[in-house]
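Visitor: take a look and give me a structure for this.
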Amino acid sequence: MKNILTGLVLLFALNAGAQELNKKIEDPNRHKQVMLNNCTREGLVTFPEFKASYDANYANYKTDSTSLEELGKLIKGKKVTIVLGTWCGDSKYQVPNFLKIMDDLKVAEDKIRIIAVDGTKQAENGLIDGLNITRVPTFIFYDKKDVEVGRITERPTETLEKDMLKALAAKPKTATAKTK
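Guide: Here you go, the predicted structure:
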């Protein structure tokens, strides 16, 4: 009996923590349908509000081939979280370009996490808590230990490739010890 109760509690806990992938909501701030929470790339690129600009921007973006070799070395073993708004003009422009770079670098899909936020830059269930999202899109790079090594917020300072080189070459952020 104890094993059955334990199993039911575990099953309930797993279902309670599960989130619908590619969730669509009517955003009261934007007065239109947006995606929210964890998204797959396929869900994102087929979402009508995002698709047209995605297709055009992805097709037209020419990656900086001179940066790709160095980026390829630096991206190995890293993970990326993309926080975007399907309603956001910068997301519609920068995310397709970023994903084209990832494709050219042959970064595996399981190394890229996509999180969509609503018009107030929020997701559900604490999904982006602690990520300090102030603008979208935000591209966050993590090392093998899941420590953030850098990020690009909203749009690159130079180019996506050059900003990625700077972000990936940075030392992981660690807490500094206080001295007396």
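
Visitor: what's the local residue count around Lys76?
Guide: Applying other C-beta atoms under 10 Å, we find 12 residues neighbouring Lys76. From N, CA and C alone the C-beta is placed, and that goes for glycine too.

Visitor: so how far is Asp163 from it?
Guide: 18 Å (C-beta to C-beta, to the nearest Å).

Visitor: same thing with Lys79?
Guide: Counting by C-beta to C-beta - Lys79 and Asp163 are separated by 17 Å.

Visitor: can you show me the helices along the protein?
Guide: Assigned by DSSP state H, the helices in the chain fall at 2-17, 41-46, 48-60, 65-75, 89-104, 160-169.

Visitor: centre-most residue in the chain?
Guide: Among the residues of the chain, the one closest to the centroid is Ile82, at 1.3 Å (C-alpha atoms, centre = their mean).

Visitor: so that residue sits right up against Asn97, yeah?
Guide: No - Ile82 lies out of contact with Asn97 (C-beta atoms under 8 Å); the separation is 11.6 Å.

Visitor: thinking again about what came up before, any chance of CSV for the helices of the chain, columns distance to Asp110, mean neighbour count and mean pLDDT?
Guide: Below are these laid out as CSV (distance: least, C-beta to C-beta, whole Å; neighbours: other C-beta atoms under 10 Å; pLDDT from 0 to 100):
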stretch, distance to Asp110, mean neighbour count, mean pLDDT
helix 2-17, 19, 9, 43
helix 41-46, 11, 16, 96
helix 48-60, 20, 15, 95
helix 65-75, 14, 14, 95
helix 89-104, 12, 20, 98
helix 160-169, 18, 18, 96
